[in-house]
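Novice: Below are the sequence and a predicted model for it; my questions follow.
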Protein chains: 2
Amino acid sequence: MDQPVFAKHVTLFASLEPMVLAEIRAAAHLRSTGAGALFFAEGEPASSFFVLETGSVKLTQVTPEGHQIVMRLLGPGDAFGGVAAFGGAVYPVGAEAVTDSAALEWPGSTMAMLMERHPRLAINAVRFVAERLYLLQEQFRQLATERVERRVARALLRLVEQAGRRIESGVLIDLPLSRDDIAQMTGTTLYTVSRIISRFEAEGLLEGGRQRMVIRNSQGLLNIADDIP
Amino acid sequence: MDQPVFAKHVTLFASLEPMVLAEIRAAAHLRSTGAGALFFAEGEPASSFFVLETGSVKLTQVTPEGHQIVMRLLGPGDAFGGVAAFGGAVYPVGAEAVTDSAALEWPGSTMAMLMERHPRLAINAVRFVAERLYLLQEQFRQLATERVERRVARALLRLVEQAGRRIESGVLIDLPLSRDDIAQMTGTTLYTVSRIISRFEAEGLLEGGRQRMVIRNSQGLLNIADDIP
DNA sequence: TCTCGAGTTTGCGCCGGAGCAAAGACGCCG
DNA sequence: CGGCGTCTTTGCTCCGGCGCAAACTCGAGA
């Protein structure tokens, strides 16, 4: 391993000199959490920035009415809490471990200091947040203009990307996600998701189960996501 | 005027020393555009960062199917194009002048150089983009969980904030926005917007017109936005 | 192995909102 | 001052998706 795990695929740490990377790494400590537990809660004062090492985490928001929505799903190498730690006062989302997880944690003040010392890091941070903003805009547009079936197909494809594991019968989404979770990712209800997934199953696109899915024909899903009949 | 216009309310330029501000200002040049014309188009290589001096601009995206959506509306002092110029390759949105407008323009490479030299500026940039991300998340959540009437009420209130001008009969939204524009801001259709606004008008909340609205009772709108009967 | 409970499916009814069509109301320009 | 194009309103219809209720399924733990 020529690069430490924490620096891989993290835009934030791209093209930094090894010495700087080592300095950054030294400022972090590892924090572990069991499935279902929180790294931090929504609305809590933002204190830290994280990079997930192992496991998976979902970032959620709760509406004033109590509906929950899932903003994003994370796997190893993904960073979170950054937006808040860099800029805001409180975490705008909560971070819940979906499976047992461990993440590197940097206090926000440390990051600020590091950025002050290494402009490159700050510039990377801009890129990092900008990237996220771009993706969210994309999702926003889809939510505004596409119907539920397409959004669900897209969500499943994204899950395949992020947590797919090849098995004999197809690609297993290796995360314990319920229908309700998928509903919260796509801005709909668990009923509608269940119906849509049943339909996909009837069409042979996938194989559903209790908090479990195996995608058999991702091309078919892609056709639905891109509205090719 | 103790601060130049371009530096007011722009998170990006907060708490910089006058000398640095002057250096930044010197790197910009002013660009003017008539109503309806573009500062840049969606998908165009991202080259510049802008701060609007006068007029108003809307940032739009077009779906593959050709539906347009309005991501954001800008007034004097608002920055745009930043996300792309800092991080991305192309502009993820198009910027169209709603009224005759003028904006300061910085080439992306200049900004990168300035940030390299002044870490404070880079750190501000992170805050700036983070702030935007936060607001977009908010809107995303509302789009996912709230019904159209509430979203329209919210959009109108936002417009009052941004472009409201007190007149005898209430607060005029001082921008030529059509029903369709509002539909594109709220993820719905012009028909539905028209119906909802007619209803608001019948309830005495506002006074509609051709590309024109006067809000008479913003408290009433607030109640609808926050679902208080 | 049995039981319990969380997660899932499905029937049913309702309704918010989409979308077409056509009529109306402005405001602008000749 | 008249005509035209753009924006707006409104009737009508249709249907996607919501949400309750109830049955079912499966896995975990006793």
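Specialist: Received the coordinates, thanks.
Novice: ends of stretch A:42-54, how far apart?
Specialist: The separation between the terminal residues of stretch A:42-54, taken as C-alpha to C-alpha, to the nearest Å, is 22 Å.
Novice: wait, does it contact chain B?
Specialist: No. Contact between stretch A:42-54 and chain B is absent, the nearest approach being 10.1 Å (criterion: C-beta under 8 Å from any C-beta of the partner chain). The way it works is simple: take the backbone N, C-alpha and C, and place the C-beta from them, glycine included.
Novice: just how off-centre is that stretch within its chain?
Specialist: Chain-centre distance of stretch A:42-54: 13 Å, with C-alpha atoms, centre = their mean, to the nearest Å.
Novice: quick one: buried residues of that stretch?
Specialist: Using 16 or more other C-beta atoms under 10 Å in any protein chain shown as the burial criterion, the residues of stretch A:42-54 that qualify are A:E42, A:A46, A:S47, A:S48, A:F49, A:F50, A:V51, A:L52, A:E53.
Novice: and of those, the nearest to DNA strand C?
Specialist: For the buried residues of stretch A:42-54, the minimum distance to DNA strand C (C-beta to the nearest atom of the strand) is 20.1 Å, reached by A:E42.
Novice: Please confirm that that closest one is located within a helix.
Specialist: No. The assignment for A:E42 is coil, going by DSSP: H, G, I helix; E, B strand; the rest coil, so no helix is present there.
Novice: I am assuming it contacts A:G94, so please confirm or correct that.
Specialist: Yes. Using C-beta atoms under 8 Å, A:E42 is in contact with A:G94, at 4.0 Å.
Novice: List the residues that are in contact with both of the two.
Specialist: Shared between the contact lists of A:E42 and A:G94 (criterion: C-beta atoms under 8 Å, 6 or more residues apart in numbering or on different chains) are residues A:T60, A:Q61, A:V62.
Novice: Name the residues linked to the last one by a beta bridge.
Specialist: In this case it means A:V62. The residues paired with A:V62 through beta bridges, assigned by DSSP bridges, are A:Q68.
Novice: What is the neighbour count of it?
Specialist: 16 (other C-beta atoms under 10 Å in any protein chain shown).
Novice: just the second one next, same as before
Specialist: Neighbour count for A:Q61, taken as other C-beta under 10 Å: 21.
Novice: Name the helix or strand for A:N124, please.
Specialist: A:N124 is part of helix A:119-145 when elements are defined by DSSP states H and E.
Novice: Next, the buried residues of that helix.
Specialist: Neighbour-count burial for helix A:119-145, counted by 16+ other C-beta under 10 Å, picks out A:119-134, A:136-137, A:139-145.
Novice: Just the C-alpha atoms of the least confident helix or strand in chain A by mean pLDDT, please, in PDB.
Specialist: Counting by mean pLDDT, DSSP states H and E, chain A has its least confident helix or strand at helix A:82-86, which shows a mean of 76. The C-alpha atoms that make up helix A:82-86 are tabulated as PDB, following Å, rounded to 0.1, in the frame of the first residue of the first chain:
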ATOM      1  CA  GLY A  82     -16.700  18.300   6.400                       C
ATOM      2  CA  VAL A  83     -19.100  20.900   5.300                       C
ATOM      3  CA  ALA A  84     -20.200  21.600   8.800                       C
ATOM      4  CA  ALA A  85     -16.700  21.500  10.300                       C
ATOM      5  CA  PHE A  86     -15.300  23.900   7.700                       C
END
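Novice: Now the element after it, going C-ward?
Specialist: Sequence-wise, the next helix or strand downstream of helix A:82-86 (DSSP H and E) is strand A:94-97.
Novice: sec struct for A:L157, please.
Specialist: Assigned by three-state DSSP, the conformation of A:L157 is helix.
Novice: Now it: closest residue in space, sequence neighbours ignored.
Specialist: Setting aside the residues directly before and after it, A:L157 is nearest to A:L221 in space (C-beta to C-beta, 6 or more residues apart in numbering or on different chains), at 5.6 Å.
Novice: pretty sure the one you found contacts A:L159?
Specialist: No. Under the criterion of C-beta under 8 Å, A:L221 lies out of contact with A:L159, with a separation of 10.5 Å.
Novice: unless I'm mixing things up, A:G94 is touching A:A46, no?
Specialist: No. Between A:G94 and A:A46 there is no contact under C-beta under 8 Å: 11.7 Å.
Novice: For chain A, which residues are neighbours of DNA strand C?
Specialist: Applying C-beta under 7 Å from any atom of the strand, we find that chain A lies next to DNA strand C at A:178-180, A:190-191, A:194-195, A:197-198, A:201, A:208, A:210-212.
Novice: Now for A:M185: which residues touch it?
Specialist: A:M185 sits next to A:I69, A:V70, A:L73, A:A155 when contact means C-beta under 8 Å, 6+ apart.
Novice: tell me the mean pLDDT for stretch A:104-118?
Specialist: Along stretch A:104-118, the predicted local confidence has a mean pLDDT of 90.
Novice: To clarify, my last question referred to stretch A:202-212.
Specialist: Here stretch A:202-212 scores 94 as its mean pLDDT.
Novice: among the residues of chain A next to DNA strand C, who's most crowded?
Specialist: Neighbours here mean other C-beta under 10 Å. Within the residues of chain A next to DNA strand C, the largest count is held by A:R179, at 20 neighbours.
Novice: I'd like the distance between it and A:R158.
Specialist: For A:R179, the distance to A:R158 (C-beta to C-beta, to the nearest Å) stands at 16 Å.
Novice: what does A:G82 give?
Specialist: 20 Å.
Novice: Grab the nearest non-local neighbour of A:V10.
Specialist: For A:V10, the nearest residue in space outside its immediate sequence neighbours is A:A79; the separation is 5.5 Å by C-beta to C-beta, 6+ apart.
Novice: Which pLDDT value belongs to the one you found?
Specialist: Reading off the confidence values, A:A79 has pLDDT 92.
Novice: Test my guess that it contacts A:S48.
Specialist: No. At 11.3 Å, A:A79 does not count as touching A:S48 under the criterion of C-beta under 8 Å.
Novice: A:V70 sits in which helix or strand?
Specialist: Per DSSP H and E, the secondary structure element for A:V70 is strand A:68-74.
Novice: helices or strands up against that strand?
Specialist: Secondary structure elements in contact with strand A:68-74, counted by 3 or more C-beta pairs under 8 Å, 6 or more residues apart in numbering or on different chains; DSSP states H and E, are strand A:57-62, helix A:148-163, helix A:179-186, helix B:119-145.
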